[in-house]
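Colleague: Sequence plus the predicted model coming up.
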Amino acid sequence: MWDFHVRSLDASTILTIAALSELIGQRAGILNVGIEGVMLFGATLGFIAAKITGSYLLGFLVAIAIGGLIGLLHGFFSITLGGDQVVNGMGIWILGFGLTAYIGYPYTGPLGMERIPKIMGLSPFFFVGIALIIITWFVLSKTSLGLRIRSVGENPSVAEVSGINVTRTRYLSVITSGMLMGFAGAIYSLDYNPVWNYNFIMGWGFIALALVFFSMWNPFILLGGSILFGSLWQLSLNPQLVLPGILSRYVWRMVPFAMTIIVLLLMSTKWFRIRWGAAKPEALGQPYVKG
Amino acid sequence: MKLGNYEVKLEKRLELTAWEAATISILAIFVALALVSFIFLQAGVNPLTGYKEIFTYAFANPFGLPLTINRSIFLLLCTCAFIIPIRAGLWNIGMAGQLYVGALAAFAVAFAFGAKESHSLDLSPGIVIPLMMVAAALGGAAIGAIAGFLKGRFNTNEIVVTMMLNFITFWLVPFMIKEGGLFMGASGEGEGFKLSSSIYAPLIMGVPFTIFIALGLAVLLYFLFAKTKIGYQIKAYGLSPAAAKYAGISSFKIPLLVFIMGGAIAGLAGYHYFAAVPGVYKITKNYGDFGDLAFYGIICGLISQGNPLAAIPFALLFGGLTNGGRFVQGKLKLGFGIDYALLGVLMIILVAFQFFYRYKIVWMKTEKEK
């Protein structure tokens, strides 16, 4: 049972970091629905880099770098070209899905490296995740940089007038966001489950996207939601731990996805909607045109 | 920007003619194919040879051509399933889930008639086949309706919901066809049961009759959007749900309706691939591949700008490219999954080219300054 909780926290860590990255971008007004694609890129290229060089560090660096690059690409489409952010995000997801299926295929199978050592039985990335939550909260709500990021997400025209460079701030957020998405993907493929298989992120990016909406852009609610979903995911893989012998294992695999829909439904209640409307970055998804 | 004697400028388009849109789409495809040719270069194959092999197999080979046509019918149906919601500004990325359930529903009808028991059972095709198709459409529509209802009633994000439904239904299929599931085949090798040969879909010159359904639907949808009130309402909702509401268009009914229609068509795509394509006639082990293939419907729908008639040649092209791609990777010893790589590259190039739907490049000869 202890193992189960540890494993759940490992899964939660990935969801936390993935959702946190999306939160950072959204705070600056950039919606990236292609988070799954960026995670696939980070996970696949990080896995390949680690497998070739035998170095975990290089694997993570490659994953972070490619995540940053894809973030830059999303920024270019959404900020410079001013296109529809949903279309751009969809493009990034399908690019990630298609291209990594091709690139990673020759590396199908286990990583075959000594596992990353645990700290008190937990993955070291659990602590990284907690630290990132606190840092993000601190930067966003206690520093002038955070104020700048939030203001370009709320009202870019006003931000521009008050001397904030909207384009630069949005690029900064979207690249940071991409780097963290790539990192989250690499934690999956290098630590949580070091086996490459095509499309192995299995919708976690989309679950993370739902979690950000659910969190009302608050990093701590986000952490709570991620832990819930991490546990649910682990339960869906090992239902025998709690309810032995009930329902087919295939039915259990559906549960986290069904729960995501239920969470989205909860958000439509009046209680939620009022708070949600107040918390939502006002300019989310809207391109900013100077002038 | 200046290039020699010319001034190059970006200019905002005031309108986009069908001709310009087609040019941009075709250019985008060429750029994507040029990028994918790096895969050929990497394997030491001349890209022109590679593409020639792909197109020859896909369109001029007695084995390849029927496979291309079957894939194209499937893609055209998936494209229509994507187009209806996108005209209302909604993203249906749940074609995969809708077609899995469509296929399961079609096989449920065959199961009810006892087709699982015996391959040689003599069933009346005139009754069972239409019933299977109705069931497939209803099954797909039911899954689509979930996303449409939630969008219309609670304004939930349809992208997340349809994606979640894809995963839920992805696990529903093995529940039915594996490990003692109701539809498990006799061999027990993780496949569904095989249809009785009496209810194989009729072939017309080797092509399943579903080709007429796909083409007919494309024509029908074209007229729906061009001529009917409901088509107009869908487009109005797509431009601005808030403005449409003031014009008396229900912001509940439109999302529900477009997802029911889209889901029903995706359900038929499921019927087509698993119950009408010669040599298949069962829910296969690799059913997930066809869910992935359905994502080409997104590309096809975007590239044809939501025009179902324009989608026909693109569906044929992508049906050929994916089919030929699978063939050459074996023949020319390339890496697995060229069709997947092409899917990704095409999509991102298409997104990049969206820019040219809004802007055009203008060349002007600069006046010589004296």
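Modeller: Okay, I see it.

Colleague: Is there contact, residue-wise, from the helix or strand containing A:Gly96 to chain B?
Modeller: Assigned by DSSP states H and E, A:Gly96 belongs to helix A:85-104. Yes - against chain B, helix A:85-104 shows contacts by CB under 8 Å from any CB of the partner chain at A:86-88, A:90-92, A:94-103. For every residue, glycine as well, the C-beta is placed using N, CA and C.

Colleague: Which single one of those residues is nearest to A:Asp3?
Modeller: A:Thr100 (30.0 Å; CB to CB).

Colleague: Now that closest one. Nearest residue, chain neighbours left out?
Modeller: Distances taken as CB to CB, 6 or more residues apart in numbering or on different chains put A:Thr44 closest to A:Thr100, at 4.1 Å, once the chain neighbours are dropped.

Colleague: Assess the claim that the one you found and A:Ile103 are in contact.
Modeller: Yes - using CB atoms under 8 Å, A:Thr44 is in contact with A:Ile103, at 6.0 Å.

Colleague: more crowded one of these two?
Modeller: The residue with more neighbours, out of A:Thr44 and A:Ile103, is A:Thr44; 29 against 20, by other CB atoms under 10 Å in any protein chain shown.

Colleague: who's in contact with the more buried one?
Modeller: If you count contacts by CB atoms under 8 Å, 6 or more residues apart in numbering or on different chains, A:Thr44 has them with A:100, A:103-104, A:185, A:189, A:196.

Colleague: Could you pull up the mean pLDDT of the strand or helix carrying A:Thr167?
Modeller: A:Thr167 belongs to helix A:166-187 when elements are defined using DSSP H and E. Average pLDDT, helix A:166-187: 97.

Colleague: can you give me the angle it makes with helix A:85-104?
Modeller: With axes from the mean of the first three to the mean of the last three CA atoms, to 10 degrees applied, the angle from helix A:166-187 to helix A:85-104 works out at 40 degrees.

Colleague: and helix A:166-187, does that touch chain B?
Modeller: No - Helix A:166-187 stays clear of chain B (CB under 8 Å from any CB), getting no nearer than 14.5 Å.

Colleague: What is that helix packed up against?
Modeller: Applying 3 or more CB pairs under 8 Å, 6 or more residues apart in numbering or on different chains; DSSP states H and E, one finds that helix A:166-187 contacts helix A:2-27, helix A:35-53, helix A:56-75, helix A:144-154, helix A:156-161.

Colleague: want to try JSON lines for those, with mean pLDDT as columns?
Modeller: What follows is the helices and strands packed on helix A:166-187, written out as JSON lines (pLDDT from 0 to 100):
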{"stretch": "helix A:2-27", "mean pLDDT": "94"}
{"stretch": "helix A:35-53", "mean pLDDT": "97"}
{"stretch": "helix A:56-75", "mean pLDDT": "97"}
{"stretch": "helix A:144-154", "mean pLDDT": "95"}
{"stretch": "helix A:156-161", "mean pLDDT": "92"}
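
Colleague: Which of the ones you listed sits closest to B:Ala32?
Modeller: Nearest of the helices and strands packed on helix A:166-187 to B:Ala32, taken as CB to CB: helix A:56-75 at 15.4 Å.

Colleague: Now the closest one: buried residues?
Modeller: A:56, A:59-75 (16 or more other CB atoms under 10 Å in any protein chain shown).

Colleague: returning to what we had before: and the helices and strands packed on helix A:166-187, which is most packed in?
Modeller: helix A:35-53 (a mean of 27; mean count of other CB atoms under 10 Å in any protein chain shown).

Colleague: Report the distance from it to the chain centre.
Modeller: Remark: helix A:35-53 is offset 14 Å from the chain centroid, using CA atoms, centre = their mean, to the nearest Å.

Colleague: go on, stretch A:278-289?
Modeller: On CA atoms, centre = their mean, the centre of stretch A:278-289 falls 19 Å from the chain's centre.

Colleague: Please state the mean pLDDT value computed over that stretch.
Modeller: On average, stretch A:278-289 scores 88.

Colleague: right, is that stretch up against chain B?
Modeller: No - against chain B, stretch A:278-289 shows no contacts by CB under 8 Å from any CB, the least distance being 10.8 Å.

Colleague: Need the contact partners of that stretch.
Modeller: Stretch A:278-289 has contacts (CB under 8 Å, 6+ apart) with A:26-31, A:78-79, A:82-83, A:85-86, A:150, A:152-157, A:160, A:166-167, A:170, A:216-218.

Colleague: Neighbours of the residue of the stretch 101-250 of chain B found nearest chain A, how many?
Modeller: Closest residue of the stretch 101-250 of chain B to chain A, CB to the nearest CB: B:Phe154 (3.5 Å). Applying other CB under 10 Å, we find 16 residues neighbouring B:Phe154.

Colleague: To which secondary structure element is the closest residue to A:Val251 other than its chain neighbours assigned?
Modeller: Distances taken as CB to CB, 6+ apart place B:Phe175 nearest to A:Val251, at 6.2 Å, with adjacent residues excluded. Following DSSP H and E, one finds B:Phe175 within helix B:158-177.

Colleague: Extract the CA atoms of that helix and return them as PDB.
Modeller: This file holds the C-alpha atoms of helix B:158-177, laid out as PDB (Å, rounded to 0.1, in the frame of the first residue of the first chain):
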ATOM      1  CA  GLU B 158     -15.000  20.300 -26.200                       C
ATOM      2  CA  ILE B 159     -11.400  19.600 -27.000                       C
ATOM      3  CA  VAL B 160     -10.700  18.000 -23.600                       C
ATOM      4  CA  VAL B 161     -14.000  16.200 -23.500                       C
ATOM      5  CA  THR B 162     -13.700  14.600 -27.000                       C
ATOM      6  CA  MET B 163     -10.100  13.600 -26.200                       C
ATOM      7  CA  MET B 164     -11.100  12.000 -22.900                       C
ATOM      8  CA  LEU B 165     -13.900  10.200 -24.700                       C
ATOM      9  CA  ASN B 166     -11.300   8.900 -27.200                       C
ATOM     10  CA  PHE B 167      -9.400   7.200 -24.300                       C
ATOM     11  CA  ILE B 168     -12.500   5.900 -22.600                       C
ATOM     12  CA  THR B 169     -13.800   4.300 -25.800                       C
ATOM     13  CA  PHE B 170     -10.200   3.100 -26.600                       C
ATOM     14  CA  TRP B 171     -10.500   0.900 -23.500                       C
ATOM     15  CA  LEU B 172     -14.100   0.000 -24.200                       C
ATOM     16  CA  VAL B 173     -13.000  -1.900 -27.400                       C
ATOM     17  CA  PRO B 174     -10.700  -4.400 -25.700                       C
ATOM     18  CA  PHE B 175     -13.400  -4.800 -22.900                       C
ATOM     19  CA  MET B 176     -15.700  -6.100 -25.700                       C
ATOM     20  CA  ILE B 177     -13.300  -8.000 -27.900                       C
END
